[in-house]
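[1] Sequence first, predicted model second:
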Protein chains: 2
Amino acid sequence: MTSPVRLALLGCGTVGGEVVRLLHEQSTDLAARIGAPLELAGIAVRRLGRDRGELPVDPAIFTTDPLGLIKRDDVDVVVEVVGGIEPARGWLVEALRAGKSVVTANKALLAEDGGALHDAAAEGGADLYYEAAVAGAIPLLRPLRESLHGDRITQVTGIVNGTTNFILSAMDATGAGFAEALEEATELGYAEADPTADVEGFDAAAKAAILASLAFHTRVNAADVHREGITEVTAADVASAKAMGCTIKLLCIAARGVDTAGRETVNVRVHPAMIPLTHPLAGVGDAFNAVFVEAEAAGQLMFYGRGAGGAPTASAVLGDVVAVARNRLAGVRAASESAYADLSVRPMGEALTRYHVSLDVADRPGVLAAVAGVFARHDVSIATVRQGPAEGSTPGSGTDADLVIVTHVAPDAALAATVSELRGLEMVRSVTSVLRVEGGV
Amino acid sequence: MTSPVRLALLGCGTVGGEVVRLLHEQSTDLAARIGAPLELAGIAVRRLGRDRGELPVDPAIFTTDPLGLIKRDDVDVVVEVVGGIEPARGWLVEALRAGKSVVTANKALLAEDGGALHDAAAEGGADLYYEAAVAGAIPLLRPLRESLHGDRITQVTGIVNGTTNFILSAMDATGAGFAEALEEATELGYAEADPTADVEGFDAAAKAAILASLAFHTRVNAADVHREGITEVTAADVASAKAMGCTIKLLCIAARGVDTAGRETVNVRVHPAMIPLTHPLAGVGDAFNAVFVEAEAAGQLMFYGRGAGGAPTASAVLGDVVAVARNRLAGVRAASESAYADLSVRPMGEALTRYHVSLDVADRPGVLAAVAGVFARHDVSIATVRQGPAEGSTPGSGTDADLVIVTHVAPDAALAATVSELRGLEMVRSVTSVLRVEGGV
């Protein structure tokens, strides 16, 4: 039998524990798939004494010295499931430079400074795999990095945060407001005590940066991503969406575009949006994730599955471990991440989007003309208008009316300026809902 | 610049023409992704004179001698989009043995004799890629072959034939019968003049064999697949499914099991089945394809996209071309197809399935007892029963009643024997609908 491929595991929380269990349970299958057994050389943790349940591993391999473990001559592959920027960045750069393959689930680090890791991997001639960093167990890295290499991806639209999808699904199902739905998510363990990273879109923005980099062969960092969370989505917004045959999802969108000078750009953003119920992403409920890809030749593709959780994440980590172990045995390195396209990032104001705007207006002559005039002044074309009596008011009574306008595609800045001017219009009592519209309503 | 990787294209129909166009349009991007340009060395066709539209290629590279083209020293990669068992098998075996990488979309050949191709690839140390053979542009090969390598797949359930999915979707939407829906599909170009391969499930069975081999690391041929088409699905079946909150799909299913001796087996089958509307596969409409994968750690995954068409298939072919071209430049070979598991195929009679049975029975005492007795004699447990007056009859009038029974899981042979005995029962006027039930109703 070939000599084993030896792993260093950094971190032993929920995901790390599952990795240890799967390595043990699947050891025969893994060895058959790789052509050599996998062996756990050491596990670096912060504290040795912590209760980690019953792990099928010799307690003597635990250590509190990650760097020492990484540098050991008998370690071939480093698996990092600690998360966070530092000290993980230092460890992984060290490992990659030393020629050790790295498998990581660290989306924050990849989105913040993926370039440093890719550079270190190139320098050390080592593999860097990170399937678990985006959308948990859903295979995306290989489809985007390899399967679609003969094609040209035009847009990637994803539901990549389970917590916010659970909250929005609950709001849609029950008519609850954001606060109430968040409370339910927290009780059921879908939201953390401090839900900021999820509900404000930071988690989705990190994943958006990684997806955009992969899909467009360029480098996008988290700071390049326009980000809006779901805390301001109201029950009224959800009701507006339903009336349009839509549902609201927190989407991460990475889209190709062309700037005024004719150069190719990429716009990457995270925000809530209305999508039609007939769109494949509309049916993605609860805490599931899905990524919808549009490519010139392949057309529409969608990848669906669990985006988080110990076992799904560990499955993705182990898939990568098998790949890097095979590469080591073959004495090769995977095709390195190509960032040849080097697209510039288009600011949100220039991105082309569509708006759905609900207004509570005075019910009197000239209102529609005035409102339509505001759109025209900003060069925004109106797709549909629906006007009716406001809830509880009598038509023609001269009180209030509801006005719902959906625009055609326009630069986001023009749309935002339109809404801002509408808010200042005397005959507009209030702007009851503003939402972007995606997915071809 | 590195010297080019040179391709031989066998076949220049719809898919081949798209491959030629994409090679031309994407040439700069492809060269950047590979690290060397791709060059079309020759195109083998049956007849030189045929009108192939405007192809961006020198007419002098067309030839009617495929074997001569394959054997040329300056050909590195062979792309086959001809289809059929012979002469394609001979060409590809020849190419692989000579160490040339092969990219093929030939599902019939892979399902009939994939072993011969894999053996030839191992012998010649060459790559064999076939993403385009199953579900067109949907990336499945790499997710199943690589991403889920650290996991254990338990079942693969797919909608892999666009023609039958279009027909069943139309029957569901309009209440039409099979013949009428087939006619519509033919008019719209979704069904061929002779639709046998699609509607009788032969095409789906070939794809099922390939999917099962990939998912379970074993060899399954088309002959191992239990196959039933959709020609006997009636408007009444569709109505029964709707009444249950279900829809009917032609599914290909590859499931792990254990035989009576405790050995692991695989059961592979293609047949129409009821699935609940809440199942992710239920929303896959028109001619789209999707593959639903269940794995122990990853949980539920789904892959969705276009299963056929020139451009989607060409996209999958080119993704493979990039991969094999990179491997050649790196001087390596992809991990070979592992068939280490060598699972035996479980016959359909032993497969565990569930049945939905609608009966038209005499409305008199003792009927339910007699019917239930038949299920009990075959050791089939009943999950739900619904009895009501038959359409148009008066309750208690002693005429007819409708009896709908859904079973728990049982061996398929026991279920089939139950239905057969029910047909012979005097008080059963007719068995109006028999359908398997999948996806956890």
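    That came through fine. Being a predicted model, the structure only gives us computed values, none of them experimental.

[2] Give me the number of neighbouring residues for whichever residue of the stretch 1-150 of chain A sits closest to chain B.
    Going by Cβ to the nearest Cβ, chain B is nearest to A:G150 of the stretch 1-150 of chain A, at 2.1 Å. (Glycine included, C-beta is placed from N, CA and C.) A:G150 is flanked by 30 other residues according to other Cβ atoms under 10 Å in any protein chain shown.

[3] I figured it hits B:S315, correct?
    Yes: applying Cβ atoms under 8 Å, one finds A:G150 in contact with B:S315, separated by 5.9 Å.

[4] shared neighbours of those two, anything?
    Residues touching both A:G150 and B:S315 (Cβ atoms under 8 Å, 6 or more residues apart in numbering or on different chains): A:297, B:22.

[5] A:L96 contacts A:Y129, correct?
    No: A:L96 is beyond contact range of A:Y129, at 11.4 Å (criterion: Cβ under 8 Å).

[6] Overlap in contacts, those two.
    Common neighbours of A:L96 and A:Y129, counting by Cβ under 8 Å, 6+ apart, are A:V102.

[7] what angle do the helix ranked longest in chain A and helix B:310-330 make?
    The residue-count maximum for a helix in chain A (DSSP state H) belongs to helix A:310-330. Calculated by axes from the mean of the first three to the mean of the last three Cα atoms, to 10 degrees, helix A:310-330 forms an angle of 50 degrees with helix B:310-330.

[8] Which elements pack onto helix A:310-330?
    Secondary-structure packing of helix A:310-330 (3 or more Cβ pairs under 8 Å, 6 or more residues apart in numbering or on different chains; DSSP states H and E): strand A:5-10, helix A:14-25, helix A:27-34, strand A:77-80, strand A:101-104, strand A:128-129.

[9] most tightly surrounded among the ones you listed?
    Ranked by mean neighbour count, the helices and strands packed on helix A:310-330 are led by strand A:101-104 with a mean of 28 (mean count of other Cβ atoms under 10 Å in any protein chain shown).

[10] Show me what that strand is packed against.
    Strand A:101-104 is packed against strand A:77-80, helix A:88-97, helix A:107-124, strand A:128-129, helix A:310-330, with contacts defined by 3+ Cβ pairs under 8 Å, 6+ apart.

[11] Looking at the ones you listed, which is nearest to B:D119?
    Judged by Cβ to Cβ, the one of those that comes nearest to B:D119 is helix A:310-330, at 19.9 Å.

[12] can you give me the offset of the helix or strand following the closest one from its chain's centre?
    Scanning forward in sequence from helix A:310-330 by DSSP states H and E, the next helix or strand is strand A:344-345. Remark: strand A:344-345 is offset 19 Å from the chain centroid, using Cα atoms, centre = their mean, to the nearest Å.

[13] ok, and what's touching strand A:344-345?
    A:220, A:224, A:259, A:263, A:265-268.

[14] Quick check: can you list the domain ranges of chain A?
    For chain A, the structural domains run A:5-137+A:310-330, A:141-306, A:350-437, going by automatic domain parsing.

[15] Next, the distance between the ends of the longest one.
    Criterion Cα to Cα, to the nearest Å; first-to-last residue distance in domain A:141-306 is 15 Å.

[16] Now do the contacts for A:E200.
    By Cβ under 8 Å, 6+ apart, the contact list for A:E200 reads A:227, A:229, A:231.

[17] Then A:A390?
    A:360, A:363, A:399-402.

[18] tally of neighbours for the closest residue to it other than its chain neighbours?
    Sequence neighbours aside, A:D400 is the residue nearest to A:A390 in space, at 3.8 Å (criterion: Cβ to Cβ, 6 or more residues apart in numbering or on different chains). Neighbour count of A:D400, defined by other Cβ under 10 Å: 18.

[19] which residues sit in contact with A:D400?
    If a contact means Cβ under 8 Å, 6+ apart, then A:D400 has A:360-363, A:389-390, A:393, A:429 as its contacts.

[20] List only buried entries from those.
    In the contacts of A:D400, burial by neighbour count holds for A:360-363, A:390, A:393, counting by 16 or more other Cβ atoms under 10 Å in any protein chain shown.

[21] ok, back up a step: who does the residue nearest to A:A390 form a beta bridge with?
    With DSSP bridges applied, A:D400 shows beta-bridge pairing to A:A362.

[22] Next: A:R6.
    Beta-bridge partners for A:R6, by DSSP bridges, are A:E39.

[23] So for it, what's the pLDDT?
    Per-residue pLDDT puts A:R6 at 97.

[24] Comparing the helices and strands packed on helix A:310-330 by mean pLDDT, which bottoms out?
    Averaging pLDDT over each of the helices and strands packed on helix A:310-330 singles out helix A:27-34 as the lowest, with a mean of 88.

[25] That one versus strand A:5-10: what angle between them?
    Counting by the same axes, to 10 degrees, helix A:27-34 lies at 120 degrees to strand A:5-10.

[26] Helix A:27-34 and chain B in contact?
    Yes: judged by Cβ under 8 Å from any Cβ of the partner chain, helix A:27-34 and chain B are in contact via A:29-30, A:32-33.

[27] Which residues does that helix contact?
    For helix A:27-34, contacts defined as Cβ under 8 Å, 6+ apart pick out A:5, A:23, A:37-38, A:318, A:322, A:325-326, A:329, B:149-150, B:152, B:217, B:338, B:340-341.

[28] Pull out the buried residues from these.
    Taking 16+ other Cβ under 10 Å as the criterion, what is buried in the contacts of helix A:27-34 is A:5, A:23, A:37-38, A:318, A:322, A:325-326, A:329, B:149-150, B:152, B:217, B:338, B:341.

[29] so what secondary structure elements neighbour the helix or strand of chain A with the lowest mean pLDDT?
    Ranked by mean pLDDT, DSSP states H and E, the weakest helix or strand in chain A is helix A:141-142, scoring a mean of 82. Applying 3+ Cβ pairs under 8 Å, 6+ apart, we find helix A:141-142 packed against no helix or strand.

[30] what's the helix or strand that it is followed by packed up against?
    Counting by DSSP H and E, the element after helix A:141-142 in chain order, helix or strand, is strand A:153-159. Applying 3+ Cβ pairs under 8 Å, 6+ apart, we find strand A:153-159 packed against helix A:202-216, strand A:246-258, strand A:288-295.

[31] picking that back up, how about residues contacting the least confident helix or strand of chain A?
    By Cβ under 8 Å, 6+ apart, the residues outside helix A:141-142 that reach it are A:129-131, A:134, A:214, B:139, B:142-143, B:146-147.

[32] how about a cut-off of 10 Å?
    A:129-135, A:148, A:210-211, A:214, A:316, A:319-320, A:323, A:334, B:139, B:141-143, B:145-147, B:323 (Cβ atoms under 10 Å, 6 or more residues apart in numbering or on different chains).

[33] again with stretch A:58-73
    Residues outside stretch A:58-73 that contact it (Cβ under 10 Å, 6+ apart): A:6, A:8-12, A:20, A:39-50, A:52, A:55, A:75, A:78, A:80, A:82, A:87-88, A:90-92, A:94-96, A:98, A:100, A:102.

[34] Equivalent analysis for stretch A:347-354, please.
    Contacts of stretch A:347-354 (Cβ under 10 Å, 6+ apart): A:224-228, A:253, A:255, A:257, A:259-260, A:265-269, A:271, A:273-274, A:346, A:380, A:383, A:406-417, A:435-441.

[35] one more time with 6 Å, if that's ok
    With Cβ atoms under 6 Å, 6 or more residues apart in numbering or on different chains as the test, stretch A:347-354 has contacts from A:226, A:267, A:407, A:409, A:411-413, A:436-437.

[36] So which of the residues you listed belong to helices?
    Residues of these located in helices (DSSP H): A:412-413.

[37] Please give me every residue in contact with A:K207.
    Contact partners of A:K207, counting by Cβ under 6 Å, 6+ apart, are A:107, A:134, A:160.
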